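*Asks:* Dropping the sequence and predicted coords here.
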Amino acid sequence: MDTRRRIVIGVLIAAVCVITMSAAYIRIAPEGGRVAGEEVIGVVVTILPQADFVENVGGDKVRVTVMVPPGASPHTYEPTPGQLREVSKAKVYFKVGSGVEFEQVWMDKIMGVNPNMLIVDCAKGITMMGNDPHIWNSPVNARVIVENICDGLTELDPGCEAYYTANRDKYLQELDDVDAYIHERLDRFTKNRIFMTYHPAFGYFAEEYNLTQIAIEHKGKAPTPKVIQDCVDKARQYNLSYIYVAPQFATKDAEAIAQEIGGQIVFIDPLPRDYIANMRSIAASLSLEME
């Protein structure tokens with residue numbers, strides 16, 4: 001065999017070895033994660049905090065579509081054709097299940113787009129406070145939601161139960177830690193435990209941490225001049241200095257009240273993408289009123 005032919009054969013053998021080793025490599029899943037080329041689970045959720053919960057439990061095995069995007073309100077938002085196309089390809093829809101207007105209006109149509117999609121109720125096991133749908137704004141309720149999400153993913157993908165439960169347990173510990181942080185930050189205040197917010201999104205938070213929420217807006221309606229004056233009177237009665245506003249809502253009326261009492265606007269987000277960081281931020285912001 002001449003030298004040139006030996007070189008060509010050697011190159012071909014080396015190439016085959018590289019391809020074989022690469023193929024073997026991509027079949028290995030890191031610590032129970034997704035194998036390269038493995039199909040991810042299409043997941044749809046209603047609001048951003050759910051997306052954070054799903055991704056913490058599902059890791060690289062899920063692809064999440066959020067129906068109500070950043071800056072939009074779940075009380076008024078309408079889905080786009082592109083979002084409905086994602087619904088048609090999804091394996092599971094994790095609904096909030098607490099009476100969010102988006103789900104009340106659109107859930108039947110969403111299920112009609114994909115009748116084979118698993119529907120998981122994230123509110124299962126949570127005690128409702130009247131008609132208040134904002135169940136996620138309490139780390140204690142968030143624990144229940146995360147458990148329900150883990151159960152749903154395990155039902156769809158039982159072979160990866162250990163992966164999901166390990167991720168769940170890690171995230172539940174983070175929720176316990178932020179719960180302890182909020183207690184540490186707020187429990188030391190014994191007198192003024194009242195705050196005023198434009199949209200009544202923090203009732204569950206207030207209930208969990210023994211606070212009183214005074215809402216400016218009621219039943220999704222802009223406040224009347226009488227309601228605004230009542231809020232000014234209450235703010236003065238309780239010596240409040242801050243009006244808390246969600247970035248998804250207009251601030252004009254809240255700003256008017258803040259101006260009347262010589263106070264200021266503070267933004268707190270009821271629909272965070274990073275749930276843990278946002279809960280810490282809310283506790284820090286509310287502590288301003290109580291100091």
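*Replies:* Happy to help now that I have it.
*Asks:* Give me the three-state assignment for V87.
*Replies:* Under DSSP: H, G, I helix; E, B strand; the rest coil, the three-state class of V87 is helix.
*Asks:* Does it touch I119 like I think?
*Replies:* No - if you go by C-beta atoms under 8 Å, V87 and I119 don't touch, sitting 11.3 Å apart. C-beta here means a position set from N, CA and C on the backbone, and glycine is covered the same way.
*Asks:* neighbour-wise, which of the two wins?
*Replies:* V87 (22 against 15; other C-beta atoms under 10 Å).
*Asks:* ok, now which ones touch that one?
*Replies:* 44, 65, 79, 93, 110, 113-114, 117 (C-beta atoms under 8 Å, 6 or more residues apart in numbering).
*Asks:* which residue sits closest to it in space, ignoring its chain neighbours?
*Replies:* V113 (4.9 Å; C-beta to C-beta, 6 or more residues apart in numbering).
*Asks:* And for that neighbour, the neighbour number?
*Replies:* Neighbours of V113 (other C-beta under 10 Å): 19.
*Asks:* State the pLDDT value of it.
*Replies:* At V113, the model reports a pLDDT of 97.
*Asks:* Test my guess that it contacts L84.
*Replies:* Yes - using C-beta under 8 Å, V113 is in contact with L84, at 5.4 Å.
*Asks:* For S287, give its distance to D121.
*Replies:* Applying C-beta to C-beta, to the nearest Å, the value for S287 to D121 is 34 Å.
*Asks:* just H183 next, same as before
*Replies:* Remark: distance between H183 and D121 (C-beta to C-beta) = 29 Å.
*Asks:* these two touch, right, D157 and V57?
*Replies:* No - counting by C-beta under 8 Å, D157 does not reach V57; the two are 11.3 Å apart.
*Asks:* Now for those two: what residues contact both?
*Replies:* Y164.
*Asks:* between these two, which one's more packed in?
*Replies:* V57 (27 against 17).
*Asks:* Could you say which helix or strand holds the more buried one?
*Replies:* helix 48-58 (DSSP states H and E).
*Asks:* Next one: the residue nearest to A142 when sequence neighbours are not counted from G58, what distance?
*Replies:* Once flanking residues are discounted, A142 sits nearest to L175: 5.5 Å by C-beta to C-beta, 6+ apart. For L175, the distance to G58 equals 16 Å [C-beta to C-beta].
*Asks:* try V43
*Replies:* V43 is 7 Å from G58, by C-beta to C-beta.
*Asks:* just G99 next, same as before
*Replies:* Remark: distance between G99 and G58 (C-beta to C-beta) = 25 Å.
*Asks:* Settle it for me: which of those two has more neighbours?
*Replies:* When neighbours are counted by other C-beta under 10 Å, G58 comes out ahead of the other of G99 and G58, with 27 against 15.
*Asks:* Test my guess that that one contacts G42.
*Replies:* No - with contact defined as C-beta under 8 Å, G58 does not reach G42; the gap is 11.0 Å.
*Asks:* Let me see the contact set for P272.
*Replies:* 48-49, 52, 278-279.
*Asks:* where does it land in three-state SS?
*Replies:* coil.
*Asks:* Per-residue pLDDT of it, please?
*Replies:* 94.
*Asks:* now N192
*Replies:* For N192, the pLDDT comes out at 88.
*Asks:* hmm, back to that, quick check, nearest of the contacts of V87 to Q229?
*Replies:* P79 (38.2 Å; C-beta to C-beta).
*Asks:* quick one: the helix or strand hosting V140 to helix 48-58, angle?
*Replies:* Taking DSSP H and E as the definition, one finds V140 inside helix 139-156. Helix 139-156 runs at 50 degrees relative to helix 48-58, counting by axes from the mean of the first three to the mean of the last three C-alpha atoms, to 10 degrees.
*Asks:* following helix 139-156, which helix or strand shows up next?
*Replies:* Counting by DSSP H and E, the next helix or strand C-terminal to helix 139-156 is helix 161-186.
*Asks:* what's whichever helix or strand comes after that next one packed up against?
*Replies:* Scanning forward in sequence from helix 161-186 by DSSP H and E, the next helix or strand is strand 194-197. Using 3 or more C-beta pairs under 8 Å, 6 or more residues apart in numbering; DSSP states H and E as the contact test, the elements touching strand 194-197 are strand 212-215, helix 225-237, strand 242-245, helix 275-290.
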